[in-house]
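K.L.:
missing the sequence, but the structure's below:
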(Lines give C-alpha, C1' and ligand atoms only; values in the text may rest on other atoms or scores of the structure.)
Protein backbone atom coordinates (compact mmCIF):
# COMPACT_ATOMS: atom_id res chain seq x y z
CA UNK A 1 0.00 0.00 0.00
CA UNK A 2 1.02 3.62 -0.23
CA UNK A 3 2.67 3.54 3.20
CA UNK A 4 5.38 1.19 1.90
CA UNK A 5 6.78 3.60 -0.68
CA UNK A 6 10.50 4.37 -0.52
CA UNK A 7 11.91 7.01 1.77
CA UNK A 8 13.08 10.45 0.69
CA UNK A 9 14.68 13.14 2.86
CA UNK A 10 11.96 14.68 4.96
CA UNK A 11 13.25 18.23 4.49
CA UNK A 12 13.21 18.28 0.71
CA UNK A 13 11.02 17.72 -2.30
CA UNK A 14 12.78 15.71 -5.00
CA UNK A 15 11.55 15.07 -8.52
CA UNK A 16 13.10 14.20 -11.87
CA UNK A 17 14.37 17.18 -13.83
CA UNK A 18 14.80 17.71 -17.56
CA UNK A 19 16.90 20.29 -19.47
CA UNK A 20 13.78 21.70 -21.14
CA UNK A 21 12.00 22.59 -17.89
CA UNK A 22 10.74 26.14 -17.56
CA UNK A 23 11.57 28.06 -14.43
CA UNK A 24 8.04 27.58 -13.13
CA UNK A 25 8.47 23.79 -13.43
CA UNK A 26 11.67 23.61 -11.36
CA UNK A 27 10.91 21.68 -8.16
CA UNK A 28 10.95 23.72 -4.98
CA UNK A 29 13.43 22.79 -2.30
CA UNK A 30 12.66 23.39 1.37
CA UNK A 31 16.01 22.73 3.03
CA UNK A 32 16.63 24.30 6.44
CA UNK A 33 13.41 26.29 6.24
CA UNK A 34 12.07 27.84 9.41
CA UNK A 35 8.42 26.86 9.21
CA UNK A 36 7.60 28.90 12.29
CA UNK A 37 8.47 32.02 10.32
CA UNK A 38 6.80 31.04 7.06
CA UNK A 39 3.57 29.06 7.29
CA UNK A 40 3.03 29.18 3.52
CA UNK A 41 6.26 27.25 2.94
CA UNK A 42 5.26 24.79 5.66
CA UNK A 43 1.88 24.18 4.00
CA UNK A 44 3.52 23.55 0.62
CA UNK A 45 6.11 21.25 2.14
CA UNK A 46 3.47 19.14 3.88
CA UNK A 47 1.35 18.77 0.76
CA UNK A 48 4.23 18.06 -1.63
CA UNK A 49 5.72 15.49 0.75
CA UNK A 50 2.55 14.02 2.27
CA UNK A 51 3.13 10.62 0.64
CA UNK A 52 6.52 10.28 2.31
CA UNK A 53 6.09 11.92 5.71
CA UNK A 54 4.50 8.88 7.35
CA UNK A 55 7.45 6.75 6.21
CA UNK A 56 9.81 9.20 7.86
CA UNK A 57 7.77 9.13 11.06
CA UNK A 58 7.87 5.32 11.05
CA UNK A 59 11.62 5.39 10.50
CA UNK A 60 11.99 7.68 13.51
CA UNK A 61 10.05 5.37 15.83
CA UNK A 62 12.01 2.34 14.60
CA UNK A 63 15.22 4.04 15.76
CA UNK A 64 14.02 5.92 18.84
CA UNK A 65 12.11 4.10 21.58
CA UNK A 66 9.09 5.75 23.18
CA UNK A 67 7.65 3.21 25.61
CA UNK A 68 5.24 5.67 27.24
CA UNK A 69 2.68 6.06 24.47
CA UNK A 70 0.29 3.48 25.89
CA UNK A 71 -1.41 4.40 29.15
CA UNK A 72 -2.51 1.65 31.52
CA UNK A 73 -5.68 2.47 33.44
CA UNK A 74 -8.00 1.05 36.10
CA UNK A 75 -5.05 -0.18 38.16
CA UNK A 76 -3.50 -2.29 35.39
CA UNK A 77 0.28 -2.63 35.25
CA UNK A 78 2.28 -4.40 32.52
CA UNK A 79 4.62 -5.82 35.16
CA UNK A 80 1.75 -7.89 36.54
CA UNK A 81 0.27 -9.10 33.25
CA UNK A 82 1.68 -11.76 30.93
CA UNK A 83 1.44 -11.61 27.16
CA UNK A 84 -1.20 -14.37 27.16
CA UNK A 85 -3.32 -12.41 29.63
CA UNK A 86 -3.01 -9.27 27.52
CA UNK A 87 -4.54 -11.12 24.59
CA UNK A 88 -7.57 -12.45 26.51
CA UNK A 89 -10.91 -10.98 27.58
CA UNK A 90 -10.40 -7.71 25.71
CA UNK A 91 -7.78 -6.71 28.28
CA UNK A 92 -6.04 -4.27 25.94
CA UNK A 93 -9.24 -2.42 25.11
CA UNK A 94 -10.38 -2.29 28.73
CA UNK A 95 -7.10 -1.35 30.39
CA UNK A 96 -4.94 0.42 27.79
CA UNK A 97 -5.26 3.68 25.88
CA UNK A 98 -3.07 4.95 23.07
CA UNK A 99 -1.91 8.48 23.88
CA UNK A 100 -2.59 10.25 20.59
CA UNK A 101 -1.85 13.66 22.08
CA UNK A 102 1.66 12.70 23.13
CA UNK A 103 2.33 10.95 19.81
CA UNK A 104 1.31 14.10 17.92
CA UNK A 105 3.43 16.24 20.22
CA UNK A 106 6.51 14.12 19.45
CA UNK A 107 6.13 14.22 15.68
CA UNK A 108 5.19 17.90 15.72
CA UNK A 109 8.51 18.67 17.39
CA UNK A 110 10.62 16.23 15.37
CA UNK A 111 9.21 17.10 11.93
CA UNK A 112 7.92 20.67 12.36
CA UNK A 113 4.40 19.63 11.41
CA UNK A 114 1.48 22.04 11.47
CA UNK A 115 -1.73 21.66 13.46
CA UNK A 116 -3.63 21.27 10.18
CA UNK A 117 -1.48 18.28 9.18
CA UNK A 118 -1.77 16.68 12.63
CA UNK A 119 -5.56 17.00 12.52
CA UNK A 120 -5.61 14.99 9.28
CA UNK A 121 -4.06 11.95 10.97
CA UNK A 122 -6.39 9.10 11.93
CA UNK A 123 -5.35 6.32 14.33
CA UNK A 124 -6.40 2.74 14.99
CA UNK A 125 -4.65 0.23 17.23
CA UNK A 126 -4.13 -3.21 15.69
CA UNK A 127 -4.82 -5.30 18.79
CA UNK A 128 -4.77 -8.55 16.79
CA UNK A 129 -1.14 -8.30 15.71
CA UNK A 130 0.71 -7.57 18.94
CA UNK A 131 3.96 -9.49 19.31
CA UNK A 132 7.06 -9.85 21.44
CA UNK A 133 10.03 -7.72 20.44
CA UNK A 134 12.26 -10.34 18.72
CA UNK A 135 15.32 -8.74 20.29
CA UNK A 136 13.88 -8.38 23.79
CA UNK A 137 11.22 -10.71 25.13
CA UNK A 138 10.56 -8.46 28.12
CA UNK A 139 8.84 -5.93 25.82
CA UNK A 140 5.96 -6.16 23.36
CA UNK A 141 5.31 -4.17 20.19
CA UNK A 142 1.85 -2.89 19.32
CA UNK A 143 1.14 -1.77 15.74
CA UNK A 144 -0.72 1.52 15.47
CA UNK A 145 -2.14 2.25 12.03
CA UNK A 146 -1.69 5.91 11.13
CA UNK A 147 -3.82 6.99 8.18
CA UNK A 148 -3.55 10.19 6.16
CA UNK A 149 -6.06 11.14 3.46
CA UNK A 150 -4.24 12.78 0.55
CA UNK A 151 -4.97 16.35 -0.46
CA UNK A 152 -4.65 17.69 -3.98
CA UNK A 153 -2.13 20.44 -4.75
CA UNK A 154 -0.69 22.21 -7.78
CA UNK A 155 1.67 19.32 -8.56
CA UNK A 156 -0.60 16.31 -8.05
CA UNK A 157 -4.24 15.26 -7.96
CA UNK A 158 -5.53 12.19 -6.14
CA UNK A 159 -8.70 10.17 -6.42
CA UNK A 160 -11.31 11.10 -3.85
CA UNK A 161 -10.82 9.14 -0.64
CA UNK A 162 -7.26 8.03 -1.46
CA UNK A 163 -5.10 7.66 1.63
CA UNK A 164 -1.78 6.32 2.81
CA UNK A 165 -1.44 4.08 5.84
CA UNK A 166 1.59 3.28 7.96
CA UNK A 167 1.69 0.66 10.72
CA UNK A 168 3.99 2.11 13.37
CA UNK A 169 5.12 -0.39 15.99
CA UNK A 170 5.19 1.12 19.47
CA UNK A 171 6.77 -0.44 22.52
CA UNK A 172 5.27 -1.44 25.86
CA UNK A 173 8.15 -2.18 28.19
CA UNK A 174 8.55 -4.75 30.97
CA UNK A 175 5.54 -6.94 30.35
CA UNK A 176 5.45 -9.80 32.85
CA UNK A 177 7.24 -12.83 31.42
CA UNK A 178 5.63 -16.20 32.07
CA UNK A 179 8.97 -17.60 33.28
CA UNK A 180 9.74 -14.48 35.31
CA UNK A 181 11.58 -16.28 38.11
CA UNK A 182 13.76 -18.15 35.64
CA UNK A 183 14.88 -14.94 33.95
CA UNK A 184 14.85 -12.57 36.94
CA UNK A 185 18.64 -12.18 36.97
CA UNK A 186 18.66 -11.37 33.27
CA UNK A 187 15.88 -8.82 33.75
CA UNK A 188 17.83 -7.10 36.53
CA UNK A 189 20.90 -6.80 34.31
CA UNK A 190 18.76 -5.50 31.45
CA UNK A 191 17.25 -2.81 33.69
CA UNK A 192 20.71 -1.65 34.73
CA UNK A 193 21.83 -1.44 31.10
CA UNK A 194 18.73 0.59 30.18
CA UNK A 195 19.52 3.06 32.95
CA UNK A 196 22.95 3.87 31.48
CA UNK A 197 23.14 7.33 29.91
CA UNK A 198 25.61 8.89 27.51
CA UNK A 199 26.89 11.06 30.34
CA UNK A 200 27.96 7.93 32.22
CA UNK A 201 30.78 7.37 29.75
CA UNK A 202 34.04 9.25 29.41
CA UNK A 203 37.24 8.77 27.46
CA UNK A 204 40.62 9.26 29.08
CA UNK A 205 43.73 9.51 26.93
CA UNK A 206 47.16 8.56 28.13
CA UNK A 207 49.34 11.50 29.14
CA UNK A 208 52.08 10.20 26.91
CA UNK A 209 49.99 10.79 23.78
CA UNK A 210 50.81 14.20 22.34
CA UNK A 211 48.30 16.52 20.72
CA UNK A 212 49.49 15.79 17.17
CA UNK A 213 48.95 12.06 17.65
CA UNK A 214 45.46 12.69 19.02
CA UNK A 215 44.62 14.96 16.11
CA UNK A 216 45.88 12.38 13.62
CA UNK A 217 43.68 9.72 15.22
CA UNK A 218 40.65 11.99 15.18
CA UNK A 219 41.11 12.77 11.51
CA UNK A 220 41.66 9.10 10.71
CA UNK A 221 38.65 7.70 12.52
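P.N.:
That came through, no problem. All of these numbers come straight from a predicted model, not from anything done at the bench.

K.L.:
in this structure, which strand has the most residues?
P.N.:
strand 136-149 (DSSP state E).

K.L.:
Direction included, what does that one pair up with?
P.N.:
In the sheet, strand 136-149 lines up against strand 121-125 (antiparallel), strand 131-133 (antiparallel), strand 163-172 (antiparallel) (DSSP bridges).

K.L.:
the helices in the chain, which residues?
P.N.:
Counting by DSSP state H, one finds helices in the chain at the ranges 39-48, 50-63, 83-86, 91-95, 100-111, 115-120, 184-194, 211-220.

K.L.:
quick one, the longest strand of the chain and helix 50-63 angle?
P.N.:
For strand 136-149 against helix 50-63, the angle by axes from the mean of the first three to the mean of the last three CA atoms, to 10 degrees is 170 degrees.

K.L.:
Residue ranges in this structure under the pLDDT threshold?
P.N.:
1-38, 177-191, 194, 198, 200-210, 221 (pLDDT under 70).

K.L.:
if we go to 80?
P.N.:
Applying pLDDT under 80 to the chain picks out residues 1-39, 89, 137, 176-221.

K.L.:
winner for burial among the strands paired with strand 136-149?
P.N.:
Ranked by mean neighbour count, those are led by strand 163-172 with a mean of 19 (mean count of other CB atoms under 10 Å). Bear in mind the C-beta positions are built from the backbone N, C-alpha and C, glycine included.

K.L.:
contacts for that one?
P.N.:
The contact list for strand 163-172, computed with CB atoms under 8 Å, 6 or more residues apart in numbering, reads 1-3, 5, 50-51, 54-55, 57-58, 61-62, 65-67, 69-70, 78, 98, 126, 133, 139-150.

K.L.:
could you check the angle helix 100-111 makes with it?
P.N.:
Using the same axes, to 10 degrees, strand 163-172 lies at 110 degrees relative to helix 100-111.

K.L.:
Same list (the helices of the chain) but as a markdown table, adding mean neighbour count and distance to residue 159.
P.N.:
Below are the helices of the chain laid out as a markdown table (neighbours: other CB atoms under 10 Å; distance: least, CB to CB, whole Å):
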| stretch | mean neighbour count | distance to residue 159 |
| --- | --- | --- |
| helix 39-48 | 17 | 16 |
| helix 50-63 | 17 | 14 |
| helix 83-86 | 15 | 39 |
| helix 91-95 | 15 | 33 |
| helix 100-111 | 15 | 26 |
| helix 115-120 | 14 | 17 |
| helix 184-194 | 11 | 46 |
| helix 211-220 | 9 | 54 |
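
K.L.:
hang on, the earlier thing: okay, buried residues for the longest strand of the chain please.
P.N.:
138-144, 146-148 (16 or more other CB atoms under 10 Å).
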